[in-house]
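Undergrad: everything below, folded, please.
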Amino acid sequence: MSEPLRRRGLMLVLSSPSGAGKTTISRRLLEADAGIVLSVSVTTRPPRPNEVDGRDYSFIDKAAFDRMVREDALLEHAEVFGHHYGTPRAPVEAALAAGRDVLFDVDWQGARALGVRMRADLATIFILPPSTAELERRLRTRRQDTDETVRARMAKAGGEIAHWDEYDYVVVNRDVDEALTQVRAILTAERLRRARQPGLVAFVKGLTG
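TA: Modelled structure (predicted):
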């Protein structure tokens with residue numbers, strides 16, 4: 001059996017308004033595909049119940065966050081609901097060079113910032129809810145937020161959804177199994193892009209003599 005072709009990793013971005021399902025889809029994608037790892041963002045917000053430092057986020061204080069910004073150690077960063085979030089640069093660049101794919105659970109601001117710096121390595125997917133009523137139902141069902149926060153998230157959802165056309169792909173999450181299947185199909189296609197397979201040149205030369 002021949003050796004697998006050398007491949008550069010890719011950055012797969014999933015974005016959505018809160019409650020549309022990107023976190024669930026991200027978690028299930030990571031469980032189903034050993035070839036992709038999660039980019040662990042840093043954040044200044046406190047952990048939610050069941051979140052683990054270093055797995056879900058790296059929880060840091062504002063002074064440490066500001067230092068990373070000054071040192072250009074973040075690929076992107078943004079403020080959301082009064083808290084700061086950012087993507088550490090070094091682990092992403094190391095993964096891509098090693099042929100590992102990296103998953104990003106970020107908003108449209110993060111996706112746009114990543115595109116400015118790393119567009120050739122990027123594939124972006126926007127997850128839409130089937131309706132605003134279903135979006136609110138999901139937010140209330142997960143019981144992580146106060147009524148005030150749910151109202152704030154719903155008020156912000158329209159502005160987030162307005163950026164859907166900046167993404168390479170759009171998936172409507174009517175059913176999480178179906179949405180996951182679609183996301184995995186996109187990932188497979190993106191892995192096969194010619195530009196992501198530098199080993200193809202030598203392989204084809206070998207075929208053609």
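Undergrad: and the helix or strand encompassing Asp66, what other elements does it pack with?
TA: Assigning secondary structure by DSSP states H and E places Asp66 in helix 62-70. Contacts defined by 3 or more CB pairs under 8 Å, 6 or more residues apart in numbering; DSSP states H and E place helix 62-70 against strand 42-43, strand 74-80, strand 83-88. Backbone N, C-alpha and C define where each C-beta goes, glycine included.
Undergrad: can you lay out those as CSV showing distance to Arg100?
TA: Below are the helices and strands packed on helix 62-70 laid out as CSV (distance: least, CB to CB, whole Å):
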stretch, distance to Arg100
strand 42-43, 20
strand 74-80, 16
strand 83-88, 15
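Undergrad: so who does the residue nearest the centre of the chain touch?
TA: Closest to where the C-alpha atoms of the chain average out (CA atoms, centre = their mean) is Phe104, at 2.1 Å. Phe104 makes contacts with 11-14, 39, 87, 110-111, 114, as judged by CB atoms under 8 Å, 6 or more residues apart in numbering.
Undergrad: what do you get for Trp108?
TA: 15, 126, 160, 163, 166.
Undergrad: ok, now with 10 Å
TA: Each residue near Trp108 by CB atoms under 10 Å, 6 or more residues apart in numbering is listed here: 13, 15-17, 78, 124, 126, 159-164, 166-167.
Undergrad: of these, keep whichever come out buried.
TA: For the contacts of Trp108, a burial check counting by 16 or more other CB atoms under 10 Å picks out 13, 15-17, 78, 124, 126, 160-161, 167.
Undergrad: now the helices for this structure?
TA: Under the criterion DSSP state H, helices of the chain are mapped to 22-32, 62-70, 89-97, 108-118, 132-142, 147-161, 176-191, 200-208.
Undergrad: with mean pLDDT and distance to Asp53 added, can I get these in JSON lines?
TA: Converted to JSON lines, the helices of the chain look like this (pLDDT from 0 to 100; distance: least, CB to CB, whole Å):
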{"stretch": "helix 22-32", "mean pLDDT": "94", "distance to Asp53": "17"}
{"stretch": "helix 62-70", "mean pLDDT": "97", "distance to Asp53": "13"}
{"stretch": "helix 89-97", "mean pLDDT": "94", "distance to Asp53": "16"}
{"stretch": "helix 108-118", "mean pLDDT": "92", "distance to Asp53": "20"}
{"stretch": "helix 132-142", "mean pLDDT": "81", "distance to Asp53": "21"}
{"stretch": "helix 147-161", "mean pLDDT": "84", "distance to Asp53": "22"}
{"stretch": "helix 176-191", "mean pLDDT": "97", "distance to Asp53": "27"}
{"stretch": "helix 200-208", "mean pLDDT": "91", "distance to Asp53": "40"}
